[in-house]
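Engineer: Sequence first, then the predicted structure:
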Amino acid sequence: QEFCSKSFLSHSSRYRSLSKMLGRIINASRFGARNAFGTGTRNFAAVTSPKPLSLRMDSLMVQCVVAALVYFVPQDVVFLGGVFWSWHVTASCTSPKVKQADAEAAVEEFKAKKGLEKVSVSKGRSTWCVSL
């Protein structure tokens, strides 16, 4: 009879520990499901962006970046140089620079030609700007 009671106790403690373990698993799965749907957050596993801990200059990523710069930068310089030159030519044709011997007389002539009376003139060292 003593043998049966000991085996019963050992079985009941096994079942108790098994039910505790299953309860913990179920509880953890509930928290995992809640986090998957965005109602809770566990910060230790949140990754905002991949951040390398160290960056070696002989790594594949660095070699690819250098190769991309060597390949694309000359093309970009040529293309952007052409774009800026085109913008400069267009602006020069739209409003060409003309050197004036007497700047004040040129401003008065401009005001008379446009029919303006109230004009503010800002005098720079080599250029004058007229604004309304």
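Structural biologist: Done, it's in.
Engineer: Please tell me how far residue 96 sits from residue 89.
Structural biologist: Distance of residue 96 to residue 89, computed by CB to CB, to the nearest Å: 11 Å. (Each C-beta comes from the backbone N, C-alpha and C, glycine too.)
Engineer: Neighbour count for the two, which is higher?
Structural biologist: With neighbours defined as other CB atoms under 10 Å, residue 96 and residue 89 compare such that residue 89 has more, 10 against 7.
Engineer: Let me know the pLDDT of the most centrally placed residue in the chain.
Structural biologist: Nearest to the mean C-alpha position of the chain, by CA atoms, centre = their mean, lies residue 49 at 12.1 Å. pLDDT, residue 49: 73.
Engineer: same question, residue 111
Structural biologist: With respect to pLDDT, residue 111 has a value of 86.
Engineer: neighbours around it, how many?
Structural biologist: Neighbour count of residue 111, defined by other CB under 10 Å: 15.
Engineer: Could you list which residues are in contact with it?
Structural biologist: By CB atoms under 8 Å, 6 or more residues apart in numbering, the contact list for residue 111 reads 117, 119.
Engineer: quick one: buried residues of the helix or strand hosting it?
Structural biologist: Per DSSP states H and E, residue 111 falls inside helix 103-114. Within helix 103-114, the residues that qualify as buried are residue 107, counting by 16 or more other CB atoms under 10 Å.
Engineer: which helices and strands does the helix or strand just after it pack with?
Structural biologist: Using DSSP H and E, the helix or strand that follows helix 103-114 towards the C-terminus is strand 120-123. Where contact means 3 or more CB pairs under 8 Å, 6 or more residues apart in numbering; DSSP states H and E, strand 120-123 is packed against strand 128-131.
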